[in-house]
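[1] missing the sequence, but the structure's below:
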């Protein structure tokens, strides 16, 4: 089920879906076979409903629009009559939709261009302004000029884009360094001889990777019935201890 | 001053300003040089870095010149330091941003008309990333908020100015969407 | 790799590591080159900068190599600093201010962890401009000084209280996702 849900997100809305159908069936966007495309579109929407996935209301509105166009196309005779009375009447019921599709497609392509620029930009690394303290004169004014809140946030934003430290990526290393089994043994060892420990004590290290491993190790030890936990009251301190009857190593 | 000396000074100044960049005006004032002389030396330097494939690159981003690394060496940098991760934007955010970039100032409703879907979330994301900002209020339409791009937008995409955006595509190209195709493959596997 | 390519990589790496510098060992590990090869290229580059009196210099400071500006150009940097309205120079201070505003009370070391660079000078600047103040001492960490923002800070940015600050720009979310991924990776490693 999840699999399909993710794929629904592959479309940015009904226009995007229609563009896809137009591409897929290699039809001319300026001469859409409404009947065929509408059928395909409706099949999509129905399948989504059968899979009990949330369909944004926009998809349903578009379905109604397509059906309206389809029915207008089936009644050419009447149109001609109206046309005689009103010369401004749109001669093709598809016009408005086509216009929207073409317009949307332009921006979809523009978004692709931006994406390319984004990825080539991400290969360029900058550095923060150098520390020029040795060049400044201390007696300078205490005013900070016309700096705005936006400037401050932009400075922060720029920092997040900058390289951090010479540290290796910590999480990656940790995930190799502390296998859960090792942490399980650790905890078992700490509880040997019937010692009771506070749950929070196990999390002495602030590193998140370490915390995650510890947490999972405790869960696993509970599952294997090596340890048990006790809590006196809601939100109280959880005590963890070796399970009785389990031979200590 | 010889051309070499000017280039040397430019290098030092570019180094000092870092990712904040420096305008031609600021460079001229600091060096007391004419704009032409300065720009010549700057182009010269730029050319030199490119020709010799040096470790630096001079980019004109957000109205200022700045020094960055050569894209070719990116893999080594990634190996050495904790890089800021991929701050790539979602498709929804990119589409919304493209519309704003080309049509600014523009209201949410106008954006939604083009995209054909609700656009609250992408707008929020773009605001929180400082890529767009409120750019006044529409006179009509109940004084709705107008959106425009920011300087941060230029930095994010390495654009010198909003005019540096490529012309809006005419929409005639037929590009296949791989991801969507994937869906349809799956879609057809569904038992009746 | 040619000597030119190695030099290019060294330039890029020296550029991004900034004032912290980089050890030969670290350079070798990153490039997978032998120390001799690497040192040769480094000396070569150093020589080249000196011979041509470029804007950069490679210095060996505190056990590591780092890129600095050519002292010859100091007067221009001074002039740049004096140029009024140069936002350039407040970038470091602004970053620091943002961190303090959102994470106060916070110690210098914590700020430096976030910024990845030394922060003595920006703190001094912000103190002298009365935007931040000492806000007590940390209970841990050797009772380090904690910093917080002042009333002047609120006044300058037109905020009625610190709660009025807009949400901090994005960038932290990605990290959380990474952690969630790590969680699931770990989760699957659990022996049955």
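    Done, it's in. Only a predicted model underlies this, so the values are computations on that prediction, with no experimental measurement involved.
[2] Establish whether the strand or helix carrying residue A:47 and chain B are in contact.
    Secondary-structure assignment from DSSP states H and E places residue A:47 in helix A:34-50. Yes. For helix A:34-50, a contact with chain B is found by CB under 8 Å from any CB of the partner chain, at A:44, A:47. From N, CA and C alone the C-beta is placed, and that goes for glycine too.
[3] what's in contact with that helix?
    The set of residues that contact helix A:34-50 without belonging to it, under CB atoms under 8 Å, 6 or more residues apart in numbering or on different chains, is A:8, A:14, A:17-18, A:21-22, A:25, A:27, A:55, A:59-60, A:62-63, A:66-67, A:69-70, A:73, A:94, B:187, B:190.
[4] after it comes which helix or strand?
    If you walk from helix A:34-50 toward the C-terminus, the next helix or strand you reach (DSSP H and E) is helix A:57-73.
[5] Spell out whether that next one and chain B are in contact.
    Yes. Legend: contact between helix A:57-73 and chain B by CB under 8 Å from any CB is shown at A:58, A:62.
[6] which parts of that helix are buried?
    A:58-59, A:62-63, A:66, A:69-70, A:72-73 (16 or more other CB atoms under 10 Å in any protein chain shown).
[7] Tell me where chain B is predicted with low confidence.
    Scanning chain B for pLDDT under 70 picks out the ranges B:83-87, B:171-192.
[8] which residues sit in contact with the residue nearest in space to the middle of chain B?
    With distances taken as CA atoms, centre = their mean, chain B has residue B:157 as the residue nearest its mean C-alpha position (1.8 Å). Shown here is residue B:157, whose contacts under the criterion CB under 8 Å, 6+ apart are A:114, A:117-118, A:121.
[9] got it, and residue A:154?
    Neighbour list for residue A:154: B:130, B:150-152, C:94 [criterion: CB under 8 Å, 6+ apart].
[10] Relative to residue B:23, how far out is it?
    Separation of residue A:154 from residue B:23 (CB to CB, to the nearest Å): 16 Å.
[11] Pull out whichever of the contacts of residue A:154 are also neighbours of chain A.
    Cross-checking those against chain A (CB under 8 Å from any CB) gives B:130, B:150-152, C:94 as the overlapping residues.
[12] and which of the contacts of residue B:157 is nearest chain C?
    Set against chain C, the nearest of the contacts of residue B:157 by CB to the nearest CB is residue A:118 (14.5 Å).
[13] in chain A, which spans are strands?
    A:197-198, A:227-231, A:238-242 (DSSP state E).
[14] Out of those, flag the one nearest residue B:34.
    Checking the strands of chain A against residue B:34 by CB to CB gives strand A:197-198 as the closest, at 72.6 Å.
[15] quick one: strands adjacent to the closest one?
    strand A:238-242 (antiparallel) (DSSP bridges).
[16] wait, residue A:111 sits on residue B:98?
    Yes. A contact is recorded between residue A:111 and residue B:98 when judged using CB atoms under 8 Å, the distance being 4.3 Å.
[17] Let me know the pLDDT of residue A:135.
    Looking at residue A:135, its pLDDT stands at 68.
[18] Same check on residue A:119?
    As summarised for this prediction, residue A:119 has a pLDDT of 90.
[19] dump the residue contacts of the closest residue to it other than its chain neighbours.
    When the adjacent residues along the chain are set aside, residue A:119 lies closest to residue B:88, with 7.1 Å between them (CB to CB, 6 or more residues apart in numbering or on different chains). With contacts defined as CB under 8 Å, 6+ apart, residue B:88 is in contact with A:115, A:118-119, A:122.
[20] again with residue B:143
    Taking CB under 8 Å, 6+ apart as the criterion, residue B:143 is in contact with residue B:137.
[21] same thing but at 10 Å, please
    Taking CB atoms under 10 Å, 6 or more residues apart in numbering or on different chains, we find residue B:143 in contact with B:107, B:136-137.
[22] Same check on residue A:148?
    Contacts of residue A:148 by CB under 10 Å, 6+ apart are A:154, C:156-158.
[23] Among these, which lie within helices?
    Counting by DSSP state H, the part of the contacts of residue A:148 found in helices is A:154, C:156.
[24] Out of the contacts of residue A:148, which is nearest to chain B?
    Relative to chain B, the closest of the contacts of residue A:148 is residue A:154; by CB to the nearest CB it sits at 5.4 Å.
[25] quick one: pLDDT of the closest one?
    With respect to pLDDT, residue A:154 has a value of 83.
[26] Give me the distance between it and residue B:39.
    Relative to residue B:39, and taking CB to CB, residue A:154 is found at 27 Å.
[27] Quick check: which helices or strands does the helix of greatest length in chain A pack against?
    The residue-count maximum for a helix in chain A (DSSP H) belongs to helix A:95-121. Helix A:95-121 is packed against helix A:14-24, helix A:57-73, helix B:91-103, helix B:108-115, helix B:151-157, with contacts defined by 3 or more CB pairs under 10 Å, 6 or more residues apart in numbering or on different chains; DSSP states H and E.
[28] Take the ones you listed and write them to CSV, including distance to residue B:141.
    As requested, the helices and strands packed on helix A:95-121 are arranged in CSV below (distance: least, CB to CB, whole Å):
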stretch, distance to residue B:141
helix A:14-24, 22
helix A:57-73, 20
helix B:91-103, 14
helix B:108-115, 7
helix B:151-157, 24
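[29] Run a quick check on residue A:107 versus residue B:91, I expect a contact.
    No. Proximity of residue A:107 to residue B:91 does not meet the contact threshold set by CB atoms under 10 Å, at 11.5 Å.
[30] Go ahead and measure how far stretch B:90-103 is from the middle of the chain.
    Relative to the mean C-alpha coordinate of its chain, stretch B:90-103 is positioned 13 Å out (CA atoms, centre = their mean, to the nearest Å).
[31] can you check stretch A:20-33 too?
    30 Å.
[32] hmm, it in reach of chain B?
    Yes. Applying CB under 10 Å from any CB of the partner chain, one finds stretch A:20-33 touching chain B at A:20-24, A:26, A:29.
[33] The longest helix of chain A versus helix A:14-24: what angle between them?
    Going by axes from the mean of the first three to the mean of the last three CA atoms, to 10 degrees, helix A:95-121 is angled at 90 degrees with respect to helix A:14-24.
[34] ok and helix A:95-121 relative to helix A:57-73, angle-wise?
    Counting by the same axes, to 10 degrees, helix A:95-121 points 140 degrees away from the direction of helix A:57-73.
[35] Could I get the buried residue list for helix A:95-121?
    Judged by neighbour count (16+ other CB under 10 Å), helix A:95-121 contains these buried residues: A:97-98, A:100-101, A:103-115, A:117-118, A:121.
[36] what sits in contact with each of residue A:111 and residue B:98?
    residue B:169.
[37] which intervals of chain A have sub-threshold pLDDT?
    Within chain A, the stretches with pLDDT under 70 are A:1-10, A:52-53, A:76-90, A:131-145, A:163-177, A:204-207, A:235, A:245-249.
[38] Count the residues that sit near residue 25.
    No chain in the question, so chain A it is. Neighbouring residues of residue A:25 were enumerated by other CB atoms under 10 Å in any protein chain shown; the total is 12.
[39] Chain B is the one I meant
    Residue crowding around residue B:25 was assessed by other CB under 10 Å; the count is 13.
[40] ok, and does the helix or strand harbouring it reach over to chain A?
    Taking DSSP H and E as the definition, residue B:25 sits inside helix B:24-31. No. Legend: contact between helix B:24-31 and chain A by CB under 10 Å from any CB is lacking; minimum distance shown is 11.9 Å.
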